[in-house]
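In: Got a predicted structure here, sequence first:
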Amino acid sequence: MPHQLEVIKFRDLLPVRTVSRFVPGMPEPTLEIVGDDLSRAVTVYVNEVSSPEFIIVNKKKIWAQLPEAAKNEVRTIEVISSGFTKTSTPSKVLFEIGNKTSTVTGILKLVQLFTKWMLQTPGSDIFNPGRGGGLQEIAGKVASTRKMEPLLATITKSIDVTSEQMRASQASVRGLPGNERLLGANLLELNVIEDQMEARARISLKSVAGVSAVTSLQL
């Protein structure tokens with residue numbers, strides 16, 4: 001089964017129940033974060049900025065140092081898991097190779113390829129000028145619109161275009177495993193958060209082997 005370098009990391013967001021307090025006696029402002037199971041945490045984001053240091057106190061508790069940019073106000077907390085469960089409702093997409101390179105196969109390879117094609121702007125690849133769902137161009141529009149309908153239509157069209165392109169491209173590929181061959185994709189949910197000027201889309205992908213995955217994108 002062919003491997004592909006992992007350049008888009010799909011990781012579960014571990015559910016956070018509450019941020020209970022600032023931990024006393026710490027040299028830097030440190031939050032106590034409580035959840036049902038935080039034992040697999042690898043990164044903590046505060047206001048979308050990685051915490052400089054965190055400690056897993058026990059299964060349900062983490063102490064995370066506040067990033068400099070978040071010391072005046074804490075708006076969002078995200079705890080990133082070391083894994084991706086394929087159908088978990090909350091997930092995060094990280095665009096990085098990281099300190100240690102790794103490869104992906106199967107459904108993760110399919111999800112990574114679909115995401116790359118969906119974000120790609122048509123014309124950006126001289127060898128395949130028609131390829132791309134153009135979703136990257138939407139990012140600038142999120143800040144300027146409060147209407148759900150145009151945004152929903154644009155994202156849905158991007159998913160449909162990317163699906164058609166991938167199925168057409170894969171149709172002529174021999175020996176491609178069923179869990180890496182796209183059957184279909186659809187938008188499950190779209191939320192617009194006006195005060196943060198962003199949109200969050202949950203997208204479901206299904207392979208011809210019947211394996212499904214759900215991923216989330218923040219625009």
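Out: That came through fine.
In: Who are the packing partners of the helix or strand harbouring residue 110?
Out: Using DSSP states H and E, the element containing residue 110 is helix 106-119. Judged by 3 or more C-beta pairs under 8 Å, 6 or more residues apart in numbering; DSSP states H and E, helix 106-119 is in contact with strand 4-5, strand 8-14, helix 148-170, strand 182-193, strand 198-207, strand 212-218. Any C-beta I mention is one placed from the backbone N, CA and C, and that applies to glycine too.
In: would you turn these into JSON lines with mean pLDDT?
Out: Below are the helices and strands packed on helix 106-119 laid out as JSON lines (pLDDT from 0 to 100):
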{"stretch": "strand 4-5", "mean pLDDT": "52"}
{"stretch": "strand 8-14", "mean pLDDT": "62"}
{"stretch": "helix 148-170", "mean pLDDT": "88"}
{"stretch": "strand 182-193", "mean pLDDT": "84"}
{"stretch": "strand 198-207", "mean pLDDT": "82"}
{"stretch": "strand 212-218", "mean pLDDT": "77"}
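In: Redo those as a markdown table? Include mean neighbour count and distance to residue 109.
Out: Below are these laid out as a markdown table (neighbours: other C-beta atoms under 10 Å; distance: least, C-beta to C-beta, whole Å):
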| stretch | mean neighbour count | distance to residue 109 |
| --- | --- | --- |
| strand 4-5 | 12 | 5 |
| strand 8-14 | 20 | 10 |
| helix 148-170 | 16 | 12 |
| strand 182-193 | 15 | 11 |
| strand 198-207 | 19 | 10 |
| strand 212-218 | 20 | 11 |
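In: Can I get those in TSV including distance to residue 69?
Out: Formatted as TSV, the helices and strands packed on helix 106-119 follow (distance: least, C-beta to C-beta, whole Å):
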stretch	distance to residue 69
strand 4-5	31
strand 8-14	20
helix 148-170	28
strand 182-193	19
strand 198-207	17
strand 212-218	17
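In: out of these, nearest to residue 56?
Out: strand 8-14 (10.9 Å; C-beta to C-beta).
In: farthest residue from the center of the chain?
Out: Relative to the centre of the chain, and counting by C-alpha atoms, centre = their mean, the farthest-placed residue is residue 25 at 35.1 Å.
In: Could you look up the SS state of it?
Out: Following DSSP: H, G, I helix; E, B strand; the rest coil, residue 25 is assigned to coil.
In: re earlier: what's the angle from the helix holding residue 110 to strand 182-193?
Out: Using axes from the mean of the first three to the mean of the last three C-alpha atoms, to 10 degrees, the direction of helix 106-119 lies 60 degrees away from that of strand 182-193.
In: any idea of the mean pLDDT for helix 106-119?
Out: The average pLDDT within helix 106-119 is 85.
In: Identify the residues contacting stretch 118-128?
Out: Contacting residues not belonging to stretch 118-128 are listed as 129-137, 158-159, 162 [C-beta atoms under 8 Å, 6 or more residues apart in numbering].
In: Check which residues of it are buried.
Out: Neighbour-count burial for stretch 118-128 flags 118-120 (criterion: 16 or more other C-beta atoms under 10 Å).
In: Stretch 31-51 now?
Out: For stretch 31-51, by 16+ other C-beta under 10 Å, it's 31-33, 35, 38, 41, 43-47, 51.
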